[in-house]
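Peer 1: fold the following and give me the result.
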Amino acid sequence: MRRQVLLDTGPLVALLDRKDRYHRWAAAQWAQIEPPLLTCEPVLAEACFLLRTLPAGVKAVMELVNRAVVSVPFRLTEHATPVSRLLAKYASLPISLADACLVRMAEMYSSSAVLTLDSDFRVYRKHGRQVVPVIMPD
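Peer 2: Below you'll find the predicted structure:
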């Protein structure tokens, strides 16, 4: 079975911003991953906000979606209750809406790993106790 990759904001921004300190790492990861990468709308919103001053940054995010390199199968309205539980459980970190959605997606896609730069994913648990597999820099 192919490992599904769930996309967090950091690697998306790093890929598109050549000045990002993780750009080379992100580009190397993207080169090894078979599309589509799955994500949620809060990740795309964060990325567009962070890339708003980069010429064509927002356009590049949307182009990845338009070309189906990045897919958005997650609908928050269908998962509001479990996402709300995750937001409450990890409020002291604090957890973002994007991170809570990705943890929920990790529950839905059992063989997935989250492509991230966020060390909080080492703390988050899916289904209450299971480690969320991650792809992140050492």
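
Peer 1: which element is the residue of the chain positioned farthest from its centre on?
Peer 2: Computed with C-alpha atoms, centre = their mean, the residue of the chain farthest from its C-alpha average is residue 55, at 22.3 Å. Following DSSP states H and E, there is no helix or strand that holds residue 55.

Peer 1: look up phi and psi at it.
Peer 2: The phi/psi pair for residue 55 (degrees, to the nearest 10) reads phi -50, psi 130.

Peer 1: does residue 3 touch residue 115 like I think?
Peer 2: No. Residue 3 is beyond contact range of residue 115, at 10.8 Å (criterion: C-beta atoms under 8 Å). Any C-beta I mention is one placed from the backbone N, CA and C, and that applies to glycine too.

Peer 1: quick check, pLDDT for the residue farthest from the centre of the chain.
Peer 2: Looking at residue 55, its pLDDT reads 93.

Peer 1: measure it to residue 49 for me?
Peer 2: The spacing between residue 55 and residue 49, counted by C-beta to C-beta, to the nearest Å, is 16 Å.

Peer 1: okay, now the unreliable bits of this structure?
Peer 2: Across the chain, the ranges flagged by pLDDT under 70 are 1-2.

Peer 1: now the helices for it?
Peer 2: Ranges of helices within the chain are 9-16, 23-32, 41-50, 57-66, 80-89, 97-108, based on DSSP state H.

Peer 1: among those, which comes closest to residue 132?
Peer 2: When the helices of the chain are compared by C-beta to C-beta, helix 97-108 sits nearest residue 132, at 4.8 Å.

Peer 1: what are the buried residues along that closest one?
Peer 2: 97, 98, 99, 100, 101, 102, 103, 104, 105, 106, 107 (16 or more other C-beta atoms under 10 Å).

Peer 1: okay, these in TSV with distance to residue 132 next?
Peer 2: Formatted as TSV, the buried residues of helix 97-108 follow (distance: C-beta to C-beta, whole Å):
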residue	distance to residue 132
97	16
98	14
99	10
100	12
101	12
102	8
103	6
104	10
105	10
106	5
107	9
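
Peer 1: closest to residue 129 out of these?
Peer 2: residue 107 (11.6 Å).
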